[in-house]
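**Q** pasting a predicted model and its sequence here:
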Amino acid sequence: MFRSHTCGELGKTDVGKQVTLSGWVNTRRDHGGLIFIDLRDRYGLTQVVFDSEKYPPAWAVAEKLRDEFVIRIEGVVTGRPPEMVNPHLPTGSIEVRVSGVEVLNSSKTPPFEVSYLPAEGDTSTQTVNEELRLKYRFIDLRRRRMLENLEFRSRLTLFIRQWMVKNGFIEVETPILTVSSPEGARDFLVPSRLHPGKFYALPQAPQQYKQLLMVGGIDRYFQIAPCLRDEDARADRSPGEFYQLDVETSFMTQEEFFTLMEPLFIELTETLTKKKILRKPFPRIPFAQAMAKYGTDKPDIRFGLEIQDVTSMVAECGFSVFSEAVNSGGVVRAIVATGAAGMSRSQIDELTEVARKNKAKGLAYIVVKEDELSSPIIKFLGEELALELVKELNAKPGDTIFFGAADKAIVAASLGAVRAELGKRLDLIDSTMMAYCWIVDFPMFEYNEQEKKVDFCHNPFSLPQGGLEALNTQDPLTILAYQYDIVCNGVELSSGAVRNVTPDIMYRAFEIAGYTREQVDAKFGHMIRSFEFGAPPECGFAPGIERMAMLLRDEPNIREITAFPKNGRAEDVMMGAPSEVDAQQLKELHIKVAHD
RNA sequence: GGACCGUUCGCUUAGUUGGCUAAAGCGCCUCCCUGUCACGGAGGAGAUCACGGGUUCGAGUCCCGUACGGUCCGCCA
C-alpha cells in the first residue's frame, strides 16, 4: 500500500494510528540524530520525524533524502505538545514518527524551488522566470499557484456544466476535423491521407455547427469547446488553442437570453470566489455610448472617470488645437481625473505618452486648484472659457482635467487609454469587484479605409436591426446589429449575436459587403441551405473559459490558468512542438516541404 | 510584419558618472547538531555578465547588430 491517508488530512483525532503516507520531500531539517521532513502531496504537508535512536535504519535512509525525492513512509501519528504545534500548517498539531521508509524515486536538484509555505497569499511562485517554468511545467505544477489554479478551473467547468444542464441545455461535442473557412482567423490545417491535396481545418469555434444544431431542433446547446486559431498571442489570448463555453439557444430574444445567462455569471462568481458583483442585473451599454464614455468597447466600469464631450463649447475658442479639431470634423472630449492635481509634471508626461501611443498629438490639461487654474493652455483658451469648462465638467479643486482633440476614433482610443491608466494610477480599481456588463447595438458594417469598401463590423451571421428593410433603405453604416459582447473588468469575455437565419437577408447583407450570391454560396452555402428548411430564430455567445478563470483568480495572463500552455511563439517548449516529422509520414500525406 | 522593455552563478536580484579580481539572499556540496518547522552553525564549489562586432588605456556598464523572452500594435469575422 502506498498510502492510508493523504498529507493534508491527519489531525488530533488520528493520534495513535499506524499510517502510511507517500509524497515528495518538501523540506528536510537535519538535527543530527533527529531529522524532520515535510512530506508534500496535492493535499498538503505533514511533518514526519526520523529518530536515530528508535528507528536507526529509517533514520539512515532519511540522511540521504533530498528535496523532491518521492518516498513512502510508515509510522505512528503522534500529537505535538502545545508549544510545538505549527499554527501555519493544517496538520500542525500532529506529526508522524517514522518506523519505515522507502525511496520510490529520487530527484535531481530541481531547476527552481518547489517548496512552499502553506500560508495564504504565498506569491513566491510568481517570481521564477516563466520560460523555465514552462520548460519544467511538470515541476511547476507541484507548486501552490498552479495547483490552485488547476483546481479552480476544474471547479469552474464543473459548476458551468451543472448549471447549464440544470437550465435545460444539452452538451454536444462537435467535430475537431472540419472544413477551412476563408473568413475569420487563420486556420490550422490537417492534411488528408485519403484525399491527396485536401485538408481538414481545426475549428476556430463551433459557430457553424451550433447553428446547424439549432436548425436540428436542439434548442439549448452548450459545449466547453476547444477553439484553435493560428493567430498571435496576447496576455489574454493564448496562441493556438483555448476553450470557450459555447452556447446557443432557439426562440429567445436578445434580452431574454441575457436574463437567462446572467445568473450563471453571478452564481459562479459568488459560489467559487469571494468577489462581489458591481451591478445586478448587468448594465446594458450601447456600443456608441461605450465608445463615447469609455473610449473602448470593453470598458472597465469598476471606476468612473467617464469621458465628457465639450466639442460645442470649444468650437470657436482661441486654442487652435481645439478649434481646428472641431473645424475639421473632429471632437474635443475631457476626463476629470478626481484627485489628480497632485500629479507631477513627469507623471503627466507619462500619461501624454499613453495618449501619443494611441495616435493623439498630445494631452492638454487643466489642474484645478483651490483658488486658481494651472495649465499651459489657459493663455490660449482664456480664463473665462477655462472656468466655464471647469463648471460644466463639474471639476473640483484637486482634480485635473485631461483633454483629447482629434477625430472621434483617435479621441476615443487615446482618452480611453488615459482613462485606463488613470484608473490604475489613482488606485480607483477595486480588485474584489467583478464588473460585468453587456455591450449592445454594435454597428452591422464599418468602412474599411484601406480597401475603400464597406465591411462587416463583426460577425456576418448577425441579424441586422430592422431586417431586410433596413438593409434596403438605410445607409449601411448607420445600421445596427443584434450583436453584443459580455465584458468584465475591461476584458471581453465573449461576443454573441442574434443570428441571421433568413437566406434573403443573408444574401443582401453579404451583397452590401461586396460579395456576390455565388461567392456567398461557395463559402456558406451548406449553412444557408439548412436555413431553407425551417431555421428557428436563435442567439448565443461563447465566453472564454481561461479569461473567466484569469479574472476570477486575479491572474495576469491566460498561461497561469492552463496546465500546458504554448509560449508566445505558439511552441510547447516542454514537448518540443511543433516538430519536424519523418519523411514517411509526409509521403503518406502527400506533402512536400519547401524550405526557403 | 512593427514598436517598446528585458537577458548578470541552479533560482531571485544588486552592480553608481565606464575602474569588476563581478556582490548578496536562497539553493547545491562537506562537516557538526535530538525538537525543528523557510531550523541553526562552520567551511566550500559554482558566472567566459545571452551572442557577435564597435568605441575606449579599460566595457556587466556606452554604441550597432543578432538570438531568445515578455508586453503592446497589426492580426484575432
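**A** Nice, I can see it.
**Q** gap between residue A:574 and residue A:456?
**A** Taking C-beta to C-beta, to the nearest Å as the measure, residue A:574 and residue A:456 are separated by 39 Å. Quick note: C-beta positions are derived from backbone N, CA and C, even for glycine.
**Q** and these two? Which one has more around it.
**A** Regarding residue A:574 and residue A:456, a neighbour count based on other C-beta atoms under 10 Å identifies residue A:456 as having more, with 21 against 14.
**Q** check contacts around that one.
**A** Applying C-beta atoms under 8 Å, 6 or more residues apart in numbering to residue A:456 gives the contacts A:444-446, A:509, A:513.
**Q** which of these are buried, as a PyMOL select command?
**A** Restricted to buried positions by 16 or more other C-beta atoms under 10 Å, the PyMOL selection for those reads:
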select buried, chain A and resi 444+445+509+513
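**Q** just the ones of the contacts of residue A:456 in helices?
**A** Judged by DSSP state H, those include residue A:509 as members of helices.
**Q** now residue A:28. Nearest residue, chain neighbours left out?
**A** The shortest distance from residue A:28 to any residue other than its chain neighbours is 5.1 Å, reached at residue A:37 (C-beta to C-beta, 6 or more residues apart in numbering).
**Q** so what's residue A:364 bridging to?
**A** For residue A:364, the beta-bridge partners under DSSP bridges are residue A:403.
**Q** so it is in contact with residue A:320, correct?
**A** No. Using C-beta atoms under 8 Å as the test, residue A:364 is too far from residue A:320 to be in contact (11.5 Å).
**Q** give me the more crowded residue out of these two.
**A** The residue with more neighbours, out of residue A:364 and residue A:320 and counting by other C-beta under 10 Å, is residue A:364; that gives 23 against 11.
**Q** what sits against that one?
**A** Contact analysis of residue A:364 by C-beta under 8 Å, 6+ apart lists A:319, A:321-322, A:375-377, A:402-403, A:405.
**Q** near RNA strand B, which residues of the stretch 301-450 of chain A are found?
**A** On the criterion C-beta under 7 Å from any atom of the strand, RNA strand B has as its neighbours in the stretch 301-450 of chain A the residues residue A:357.
**Q** in the stretch 301-450 of chain A, what residue lies closest to RNA strand B?
**A** Using C-beta to the nearest atom of the strand, the point where the stretch 301-450 of chain A gets nearest to RNA strand B is residue A:357, with a distance of 6.8 Å.
**Q** need the contact list for that residue.
**A** With contacts taken as C-beta under 8 Å, 6+ apart, residue A:357 has the following neighbours: residue A:417.
**Q** and residue A:47, by the same measure?
**A** Under the criterion of C-beta under 8 Å, 6+ apart, the neighbours of residue A:47 are A:36-39, A:86, A:89, A:91-92, A:95-96.
**Q** restricted to strands, list the residues you listed.
**A** Filtering the contacts of residue A:47 for membership in strands, criterion DSSP state E, returns A:36-39, A:95-96.
**Q** run the contact check for stretch A:12-22 versus RNA strand B.
**A** No. Contact check for stretch A:12-22 against RNA strand B, using C-beta under 7 Å from any atom of the strand: none in range, with a minimum separation of 12.9 Å.
**Q** same thing with stretch A:463-475?
**A** No. Figure legend: stretch A:463-475 not in contact with RNA strand B (C-beta under 7 Å from any atom of the strand); closest approach 13.4 Å.
**Q** give me the contacts around that stretch.
**A** For stretch A:463-475, contacts defined as C-beta under 8 Å, 6+ apart pick out A:441, A:444, A:479-482, A:497-502, A:504-505, A:508-509, A:512.
**Q** mind redoing it with 10 Å?
**A** A:254, A:441, A:443-445, A:454, A:476, A:478-483, A:497-502, A:504-509, A:511-512, A:537-539 (C-beta atoms under 10 Å, 6 or more residues apart in numbering).
**Q** can I get it as PDB, trimmed to CA atoms?
**A** Presented in PDB, the C-alpha positions along stretch A:463-475 are these (Å, rounded to 0.1, in the frame of the first residue of the first chain):
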ATOM      1  CA  LEU A 463     -29.000  39.800 -37.700                       C
ATOM      2  CA  PRO A 464     -29.200  43.500 -38.700                       C
ATOM      3  CA  GLN A 465     -31.700  45.500 -36.700                       C
ATOM      4  CA  GLY A 466     -34.600  46.400 -38.900                       C
ATOM      5  CA  GLY A 467     -34.000  43.300 -41.000                       C
ATOM      6  CA  LEU A 468     -34.200  43.300 -44.800                       C
ATOM      7  CA  GLU A 469     -35.900  46.700 -44.900                       C
ATOM      8  CA  ALA A 470     -33.100  48.400 -43.100                       C
ATOM      9  CA  LEU A 471     -30.600  46.800 -45.500                       C
ATOM     10  CA  ASN A 472     -32.600  48.100 -48.400                       C
ATOM     11  CA  THR A 473     -33.300  51.600 -47.200                       C
ATOM     12  CA  GLN A 474     -30.700  52.700 -44.700                       C
ATOM     13  CA  ASP A 475     -27.100  53.900 -45.100                       C
END
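**Q** fine, thanks again, bye for now.
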